[in-house]
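**Q** What follows is a predicted structure for the sequence shown.
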Amino acid sequence: MPLNCALKCVPKFCRPLFQQNLASCIAIKPLFFQKTLFHSSPCLEAWKNKSNEPTKWLEYNNKIYPPQKPDEEPRPAFICHQRANIKYSPWKMWYIACLVRGMPVDEAIKQLKFIPKKGAKDVREVIEEAKELAVKEHNVEFASNMWVAESFVGKGKVIKGMRRHGRGRFGVIEYFHCHYFLRLEEGKPPKHYYYNHPKQPHEMLEAWLEQMRKRKIINSL
Amino acid sequence: MALRGLILSTNSRTILQEKLASFIPNVNSQFVRYRRTKHWDPKWKQLRRLKVFKIDLPNFREKNSDLTEEQIRQRLKENGLLPPRPWQEQQVSISSTGQVFEPYIPPEGDGKISPITTQGAKQNLQYLEKKGKTMLSVRKIRQYEEEFDAATFCKEATQIYIKTHELMAKNDPDIIKYVTERAYPEIIHNTNNKTINWQYIKDIEMPRIVHARHTNVITRDNIFAQVTVRFHTKQILAIYDRFGRLMHGSQILAKDVLEYVVFEKHMSNQYGIWRVHDKIVPDWLPPKEPSRKTHYMIADATRVDNKVETVS
């Protein structure tokens, strides 16, 4: 009996979410709801106008910088792009996002083609879209003359499902979605993307000397 | 895996292996069960599957445009929703006309052919006819706007012209007070995300009315008037992209600009104002060179001697 109940329950359980998604899809306000969801309208109001997608990242694309003097170094163009709610684990996506950081775009696309992970396809598509947009809308000269300046992952919608356990208990299954954020910048990538890069021998020597000179000798002058 | 197992079980193992070596990936031929939490007997597989409730995950990546009409109908039915009301009304602006009627054709060169020739005679006749029509229209305008005078109107037109360009550069929505609904989309086209520096320096020649027309729309009393003014001015134009890099023009170079601007007013409207309606670009004008998108110096002096190459 509890099993039957739970089975019936599930579709209804997902219904408000699905309805909300559909309503946003076809841009209408639902006129009527079913009786079983009689008291759901206040919660639906709370959901209304709330986009499922993050909005702040793309705001950077609207920032306008002041005109430069002819003798100034031209400011490198950049473009922010994202893909929201990819059906993939954010933790798994992190590895792919890390991989492409600091790579030239074409190299990143090439590398991603050889990654047998589901998320690699989405990342590749986002990079390709961003490349296209950069030329189309952001006055970038050559799409290939760009590098991946920022690449990171955010947690998207989590949809909860159910799973039967023994003795009439149940467990919750979380269906994760993730957001992928990207910023491409014009120009050549820096030699080292991260600050803590492996040092050259002469750099290590300099650091060591510096450290030795700075040390405090106790009971000295 | 199965293929490999099959091959390994045969007697002619070595021969086959040699032959198929390039086709079979080098995998472990021993069957190893890594997972210990699952029952070995597949008869429980069905029941294990039943432990998880199947739910329909919403597709967040789906777009409205990707759905066919049939699919939308199906979704609405599934969810017990009514289809959206067809919304077929369209906004119509009646405070301006949609085009320039009998547009002025700017003369090419000095615009005069010898009056002795047939062409010249014809041109003279046309010129007279057009001038007559212009005078009629000016008279019509005076019926509604008694103090209409060419000299004062040109001053007013200059102010409107300057204000239009300044507001366009500022991306100010107040621009609609200075341009008609027809001209508005043309003016704001491509101004997004750009910095425009526009300066009006001076008149080279005094602006003058070259053309005037009027027409009635729907009813006889509903009159629109259009006046074409010739501006010959000195201006500075520099357009910068989002990152402040110069895209077009120059901040220090002033250029002479000759323009024929059409102003329109809804005469029957008591509160009508003169607004920029269009700019006349003659057919005979050669097309302008588009702003250069890319140019870079080739560093290799042996190949090209410090030449600026343009790549579009």
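**A** Good, I have the coordinates.
**Q** can you list the domains in the chain?
**A** Unless you meant another one, I'm taking chain A. A:1-50, A:54-66+A:73-213 (automatic domain parsing).
**Q** switch to chain B, that's the one I care about
**A** According to automatic domain parsing, the ranges for chain B are B:1-48, B:118-297.
**Q** re earlier: so which of the domains of chain A has the densest surroundings on average?
**A** domain A:54-66+A:73-213 (a mean of 16; mean count of other CB atoms under 10 Å in any protein chain shown). Placement of C-beta: from N, CA and C, glycine included.
**Q** Between the two ends of that one, what distance do you get?
**A** Its start and end residues considered, domain A:54-66+A:73-213 measures 50 Å (CA to CA, to the nearest Å).
**Q** centre of the chain versus that domain, how much separation?
**A** Centre-to-centre, domain A:54-66+A:73-213 and its host chain are 7 Å apart (CA atoms, centre = their mean, to the nearest Å).
**Q** before we move on, what about stretch B:254-269?
**A** 22 Å.
**Q** still on that earlier bit, weakest of the domains of chain A by average pLDDT?
**A** Mean pLDDT across the domains of chain A is lowest at domain A:1-50; the value there is a mean of 50.
**Q** Please, where are all the strands along the stretch 51-200 of chain B?
**A** B:195-216 (DSSP state E, counting those that start in this stretch).
**Q** Now A:Glu132: phi and psi?
**A** In terms of degrees, to the nearest 10, the main-chain angles of A:Glu132 are phi -70, psi -40.
**Q** check contacts around the nearest residue to it once chain neighbours are set aside.
**A** Sequence neighbours aside, A:Ala143 is the residue nearest to A:Glu132 in space, at 7.2 Å (criterion: CB to CB, 6 or more residues apart in numbering or on different chains). Residues near A:Ala143 by CB atoms under 8 Å, 6 or more residues apart in numbering or on different chains: A:105, A:131-132, A:134-135.
**Q** Any idea how many residues pack against A:Gln68?
**A** Neighbour count of A:Gln68, defined by other CB atoms under 10 Å in any protein chain shown: 15.
**Q** Please disregard the earlier target; I meant A:Lys214.
**A** The burial count for A:Lys214: 7, using other CB under 10 Å.
**Q** How much space separates B:Ser93 from B:Glu145?
**A** 22 Å (CB to CB, to the nearest Å).
**Q** circling back: averaging pLDDT over each of the domains of chain B, which comes out lowest?
**A** domain B:1-48 (a mean of 64).
**Q** Could I get the contacting residues of the nearest residue to A:Pro76 once chain neighbours are set aside?
**A** Spatial nearest neighbour of A:Pro76, excluding adjacent residues (CB to CB, 6+ apart): A:Glu186 at 4.2 Å. A:Glu186 sits next to A:76-78, A:134, A:140-141, A:145-146 when contact means CB under 8 Å, 6+ apart.
**Q** which stretches of chain A form helices?
**A** A:2-25, A:41-47, A:56-59, A:90-100, A:105-112, A:118-137, A:201-214 (DSSP state H).
**Q** same question but for chain B, I mixed them up
**A** Using DSSP H, helices in chain B cover B:2-9, B:13-20, B:45-50, B:69-78, B:118-144, B:150-170, B:183-188.
**Q** Tabulate those helices (CSV), appending distance to chain A.
**A** Formatted as CSV, the helices of chain B follow (distance: least, CB to the nearest CB, whole Å):
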stretch, distance to chain A
helix B:2-9, 20
helix B:13-20, 24
helix B:45-50, 8
helix B:69-78, 5
helix B:118-144, 42
helix B:150-170, 12
helix B:183-188, 15
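**Q** Make a markdown table out of these and add mean neighbour count.
**A** Shown next, in a markdown table, are the helices of chain B (neighbours: other CB atoms under 10 Å in any protein chain shown):
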| stretch | mean neighbour count |
| --- | --- |
| helix B:2-9 | 11 |
| helix B:13-20 | 11 |
| helix B:45-50 | 10 |
| helix B:69-78 | 12 |
| helix B:118-144 | 14 |
| helix B:150-170 | 16 |
| helix B:183-188 | 16 |
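**Q** Nearest residue to the middle of the chain?
**A** With no chain named, the answer covers chain A. Centroid-nearest residue in chain A, with CA atoms, centre = their mean: A:Tyr180, separated by 2.2 Å.
**Q** please go with chain B instead
**A** So for chain B, CA atoms, centre = their mean, it's B:His189, sitting 4.7 Å from the centre.
**Q** Chain A contacts on the stretch 151-300 of chain B?
**A** Contacts of the stretch 151-300 of chain B with chain A, taken as CB under 8 Å from any CB of the partner chain, map to B:193-195, B:197, B:238, B:240-247, B:251, B:293-294, B:296.
**Q** Report the buried members of those residues.
**A** Among those, the ones that count as buried by 16 or more other CB atoms under 10 Å in any protein chain shown are B:193-195, B:238, B:240-247.
**Q** Most widely separated two among the residues you listed?
**A** B:Asn193 and B:Ala238 (15.6 Å; CB to CB).
**Q** okay, the domains of chain A in TSV with distance to B:Glu62 next?
**A** Shown next, in TSV, are the domains of chain A (distance: least, CB to CB, whole Å):
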stretch	distance to B:Glu62
domain A:1-50	7
domain A:54-66+A:73-213	10
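**Q** Can you say which of the helices of chain B is nearest to B:Arg208?
**A** helix B:150-170 (6.3 Å).
**Q** Now do the closest one against strand B:195-216: the angle between them, please.
**A** 140 degrees (axes from the mean of the first three to the mean of the last three CA atoms, to 10 degrees).
**Q** ok, back up a step: in strands, which of the residues of the stretch 151-300 of chain B next to chain A fall?
**A** Judged by DSSP state E, those include B:195, B:197, B:238, B:240, B:246-247, B:251, B:296 as members of strands.
**Q** what about A:Arg163, distance to chain B?
**A** Distance of A:Arg163 to chain B, computed by CB to the nearest CB, to the nearest Å: 5 Å.
**Q** the more surrounded of B:Ser93 and B:Glu145?
**A** More neighbours surround B:Glu145 than the other of B:Ser93 and B:Glu145, with 15 against 11 (other CB under 10 Å).
**Q** List the contacts of the more buried one.
**A** B:265, B:267 are the contacts of B:Glu145 under CB under 8 Å, 6+ apart.
**Q** next one: phi and psi at it?
**A** Per degrees, to the nearest 10, the backbone of B:Glu145 is at phi -120, psi 90.
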